[in-house]
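Colleague: sharing a sequence plus its predicted fold:
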Amino acid sequence: MGFPGTWMTESESVVYRVVPKCACSTIGQIMFYSDHGTFFDGDIHDSTAGLHKWAQEQSQRLIEANVAAHKSYAFTCVRNPYTRILSSFFDKICGIQRNGKRYRGNLVPLLIQKYGIEVGDPENGFEFDQIKSFRRFLLFARDTIRWRKPMEPDIHWSAMSGHIGTFISSGGRYDNIVFTEKFNDGMQSVLDNIETKQAVILKDIPKFNESEGHGPKRAHPVEDYFDDLSMHLMWEIYHKDFQLFRYDFDNPANKMPVGEIDLNEVHVKLAN
């Protein structure tokens, strides 16, 4: 299986398992900067040099050797499942992507036809019933994850535990799992454990958000999007994420983790 979604600095100072919608653009740029003293010009997901990625064939052997021997500090980053799925909806379903088109071509028309979702458009200021459409999208996300219909689940809304678990089941071990909600503290704890070629001052690092500004803004508090049925679906899809990464399932209004992550428990439960 290898190590899909794994990035490593060219200096091999640190290894990172990407989890979509969990500050991955900012983390990738910090890694790039820590080697080169400059940020990648563009979306870090588009880089093909300056950062080792499993998706680049020439990087695979180096990543595999490093992770198998646990030569470098390895980490990942998680986010509250309620805010993560909302972010996926507003970015990938409602938003216009960097190429000026809708995400995945025929995905949005499929959702409009099969699930009755509305997404609005830039011409009308993205006016639509966000709560009703989001809840229908959540039903679609559940169908893709549970039954792989009408399509395979997308990386942006498949469970964090699934992404994080591939690294473990292939023989990797994490030294740290950072909370998006406590990003600077978590990222500083990573930097404190590695040696970088360039000094990284976190307070001076901008937030890189490739999804910002090309879709509608969330019009309501997080908790308004989740009624009893929505919360039932969230538990069905993401119960492992809530349990392992210590997020508050009972209160969608509380985005902060309610405890510390037990790394040993994560490794045991996601090893298979």
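Modeller: Structure received.

Colleague: which residues touch the helix or strand of the chain with the lowest mean pLDDT?
Modeller: Ranked by mean pLDDT, DSSP states H and E, the weakest helix or strand in the chain is helix 107-115, scoring a mean of 93. The contact list for helix 107-115 (CB atoms under 8 Å, 6 or more residues apart in numbering) reads 93, 102, 117-119, 136-137, 139-140, 150-151. Every residue, glycine included, has its C-beta placed from N, CA and C.

Colleague: please flag which of the residues you listed sit within helices.
Modeller: Judged by DSSP state H, helices contain the following of the contacts of helix 107-115: 136-137, 139-140.

Colleague: buried residues, stretch 263-272. List them.
Modeller: 266, 270 (16 or more other CB atoms under 10 Å).

Colleague: what's the average pLDDT for the biggest strand by length in the chain?
Modeller: For the chain, the strand with the greatest residue count under DSSP state E is strand 73-78. Taken as a whole, strand 73-78 has a mean pLDDT of 98.

Colleague: that one - contacts with which helices or strands?
Modeller: strand 14-17, helix 160-169, strand 176-179, helix 183-191 (3 or more CB pairs under 8 Å, 6 or more residues apart in numbering; DSSP states H and E).

Colleague: quick one: closest of these to Arg246.
Modeller: Checking the helices and strands packed on strand 73-78 against Arg246 by CB to CB gives strand 176-179 as the closest, at 8.7 Å.

Colleague: helices and strands around the closest one, which ones?
Modeller: Looks like strand 176-179 contacts strand 73-78, helix 183-191, helix 263-269 (3+ CB pairs under 8 Å, 6+ apart).

Colleague: how about low-confidence regions in the stretch 51-200 of the chain?
Modeller: Scanning the stretch 51-200 of the chain for pLDDT under 70 picks out nothing.

Colleague: could you check how many residues crowd around the closest residue to Phe137 other than its chain neighbours?
Modeller: Using CB to CB, 6 or more residues apart in numbering and skipping the chain neighbours, the partner closest in space to Phe137 is Phe89 (5.2 Å). Look at Phe89: counted by other CB atoms under 10 Å, it has 27 neighbours.

Colleague: and if you look at the one 10 residues further on?
Modeller: As a burial measure, Asn99 scores 7 neighbours (other CB under 10 Å).

Colleague: can you show me the strands along the stretch 1-150 of the chain?
Modeller: 6-9, 14-17, 51-53, 73-78 (DSSP state E, counting those that start in this stretch).

Colleague: switch those over to TSV; also include mean neighbour count and distance to Gly215.
Modeller: Shown next, in TSV, are the strands of the stretch 1-150 of the chain (neighbours: other CB atoms under 10 Å; distance: least, CB to CB, whole Å):
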stretch	mean neighbour count	distance to Gly215
strand 6-9	25	26
strand 14-17	26	26
strand 51-53	22	26
strand 73-78	23	22
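
Colleague: can you list these in CSV and add distance to Val108?
Modeller: Converted to CSV, the strands of the stretch 1-150 of the chain look like this (distance: least, CB to CB, whole Å):
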stretch, distance to Val108
strand 6-9, 29
strand 14-17, 29
strand 51-53, 28
strand 73-78, 27
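
Colleague: out of those, flag the one nearest His267.
Modeller: strand 73-78 (11.5 Å).

Colleague: hmm, Met8 is touching Leu62, no?
Modeller: Yes: in this structure Met8 lies within contact range of Leu62 using CB atoms under 8 Å: 7.0 Å.

Colleague: okay, and the common contacts of those two?
Modeller: His52.

Colleague: the chain - how does it break down into domains?
Modeller: Using automatic domain parsing, the domain parsing of the chain gives 6-80+159-204, 82-155+213-238.
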